[in-house]
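# need a 3D model of the following:
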Amino acid sequence: MYYVMTDRERLVSFLPPGAVAAEIGVAYGDFSQVMLDRARPSQLHLIDPWSHNEASDHDPRGFLDDAAGKDGPAPAPAYNEGGEKIYRDVCARFAGRSEVAIHRQFSYRIAQQFPERHFDFVYLDGNHTYEFVLQDLLDFGPKVKDEGLIIGHDFFEDAYASQHRYGVIDAVHRFLHRSRDFRLACLTYEPFQSFVLARKATGFAGQFFYNLLESDVFIVEMADDQAFRYEEKQYIRRDGQKRRIPSFAP
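Here you go, the predicted structure:
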C-alpha cells in the first residue's frame with residue numbers, strides 16, 4: 001500500500017483520461033467538477049438522492065421528475081425543500097456537459113441498472129455509516145472493471161468521526177475481507193483521507209499507478225494491514241497551534 005502525501009484533488013489528476021466513472025454522493029457537485037477538470041472522464045454518472053429519506057407509498061409526490069424517475073423503482077427519495085434546491089443547482093451547473101448523467105436516486109437502488117464490469121472507477125462519498133459504506137462497496141465493486149479502481153472519501157477515525165457514526169475504515173476492512181480480490185492500494189495524506197482499492201496493477205489501474213509514481217508526490221510504502229490502525233493524533237505546540245500527526249502505531 002502507498003501512503004501518498006497529497007490530497008484527493010491532486011490524486012484524481014493521475015487517473016487516465018476518458019474513463020467511464022461514477023460518483024456516489026454528489027451534494028453540491030464541487031468534487032464532481034474537480035473530477036471533470038482533472039480526471040477528464042468520457043462519462044461521469046452523478047448519483048445522489050438529495051434526500052435522507054425515501055418517499056412512502058402515501059407520498060403522491062414521490063419526488064423524482066420524469067427523467068430521473070426512470071433510474072430506479074419506487075420508492076423514490078422523499079421531497080425536501082433543501083435537497084430539491086441543491087439538485088436543481090447541480091443540474092444547472094452541469095447543463096450542457098454531455099459526459100455528465102445525473103441520477104436522483106439512492107445508490108443501492110440504481111446499482112442494479114449498471115452492467116457488471118462497467119466502470120473504470122467509482123468514487124464513494126455517500127452516507128458514511130458502516131452499513132451504507134459496506135453496501136456501496138458490495139453493490140459497486142462488481143460494477144468496476146477488473147483493471148478499474150474504487151476510490152472513496154473520509155477514511156479517518158477521530159472524535160468527529162465517532163460523533164457522526166462514521167464507519168468507513170471498518171466497512172473497507174470488512175469489504176476487503178469478504179471480496180478477496182480487491183486490495184487497499186493507496187491512502188491520501190489529508191484531514192479527511194481518500195482510499196483507493198484495486199484488483200490489479202495493470203490496464204487503467206496500472207496507468208494510474210504509473211502516473212503517480214512518475215510524479216513528484218512523496219510516497220511511503222507500507223503493509224496493507226497497517227492502514228487499519230490509522231488514527232489522527234495531535235500535538236499542541238507552545239504557541240497553542242495544533243499539529244496533526246497521522247498515526248499507524250498499534
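# need the single longest strand in this protein, by residues.
Counting residues, the longest strand in the chain under DSSP state E turns out to be strand 144-152.
# pull the distance from that strand to the chain's centre.
With C-alpha atoms, centre = their mean, to the nearest Å as the basis, strand 144-152 stands 11 Å off its chain's centre.
# go on, stretch 242-250?
That offset, for stretch 242-250, works out to 23 Å (C-alpha atoms, centre = their mean).
# quick check: which ranges of the protein have low pLDDT?
Where the chain drops to pLDDT under 70, the residues are 52-81, 157-165.
# now for the residue nearest to Ala111 when sequence neighbours are not counted: which residues touch it?
Leaving aside its sequence neighbours, Ala111 sits nearest to Asp139 (C-beta to C-beta, 6 or more residues apart in numbering; 3.8 Å). (C-beta placed from N, C-alpha, C; glycine too.) By C-beta atoms under 8 Å, 6 or more residues apart in numbering, the contact set of Asp139 is 107-108, 111-112.
# secondary structure element holding Asp139?
Secondary structure from DSSP states H and E places Asp139 in helix 130-140.
# in that helix, which residues are buried?
Of the residues in helix 130-140, 130, 132-140 count as buried by neighbour count, 16 or more other C-beta atoms under 10 Å.
# kindly report the same for stretch 88-104.
Under 16+ other C-beta under 10 Å, the buried positions of stretch 88-104 are 90-91, 94, 100, 102-104.
# mind listing which of those residues are in strands?
Counting by DSSP E, these contribute 100, 102-103 to strands.
# quick check, Phe248 in contact with Arg229.
Yes. Judged on C-beta atoms under 8 Å, Phe248 makes contact with Arg229 at a distance of 4.9 Å.
# between these two, who's got more neighbours?
Shown here are Phe248 and Arg229; by other C-beta atoms under 10 Å, Phe248 has more neighbours (16 against 13).
# and the contacts of Asp139, which of them are in helices?
Of the positions in the contacts of Asp139, 107-108 sit in helices, assigned by DSSP state H.
# just the buried ones from the contacts of Asp139?
107-108, 111.
# closest one of these to Cys186?
Minimum distance to Cys186 across the buried ones among the contacts of Asp139 is 22.4 Å, recorded for Ser107 (C-beta to C-beta).
# got a list of what the closest residue to Tyr230 other than its chain neighbours touches?
With C-beta to C-beta, 6+ apart as the criterion, Tyr230 has its nearest non-adjacent residue at 5.8 Å, and that residue is Phe248. With contacts defined as C-beta under 8 Å, 6+ apart, Phe248 is in contact with 222, 226-227, 229-230.
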